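Colleague: Got a sequence here, can you model it:
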Amino acid sequence: MKIKPLSDHILIEPISQEERTKAGILLPETAEKERPEQGRVVAAGPGRKTSSGTIIPLEVKPGDMVLFTKYGPNEVKIGDKEYLIAKEEDILAILE
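Modeller: Have a look, this model is predicted:
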């Protein structure tokens, strides 16, 4: 199934956090984990439409690694994979 986000929405594949704490303790699968804040852009919409009808293109493109707000994006499950859908305003930075 191919997904094409609309408007200024972006489909993000989250990057899993480390399975160990900074002290080296291994976290079990059942442990409650923080929601990720980094991911890879899988797909992006065409951009935001202004009141005059012109489209302002997005600054991110598929393949970019991004940093986003923790609770801004919505979680979606497509097949057996989990993704996040965010608006461009939820993207804080592109990681290089």
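
Colleague: what are the bridge partners for Val76, then?
Modeller: Tyr83 (DSSP bridges).

Colleague: residues contacting it?
Modeller: 82-85 (C-beta atoms under 8 Å, 6 or more residues apart in numbering). For glycine as for every other residue, the C-beta is placed from the backbone atoms N, C-alpha and C.

Colleague: Equivalent analysis for Leu11, please.
Modeller: 3, 5, 41-44, 83-85.

Colleague: how about 6 Å then?
Modeller: 3, 5, 42-43, 83, 85 (C-beta atoms under 6 Å, 6 or more residues apart in numbering).

Colleague: Find the helix or strand that the residue nearest the centre of the chain is a member of.
Modeller: Note on the chain: the residue nearest the mean C-alpha position is Ile12, at 3.2 Å, using C-alpha atoms, centre = their mean. Using DSSP states H and E, Ile12 sits within strand 9-14.

Colleague: next one: that strand to chain centre, how far?
Modeller: Strand 9-14 has its C-alpha centroid displaced from the chain centroid by 3 Å (C-alpha atoms, centre = their mean, to the nearest Å).

Colleague: can you check stretch 48-60 too?
Modeller: 20 Å.

Colleague: same check, this time on stretch 71-85
Modeller: In terms of C-alpha atoms, centre = their mean, the centre of stretch 71-85 is set 8 Å apart from its chain centre.
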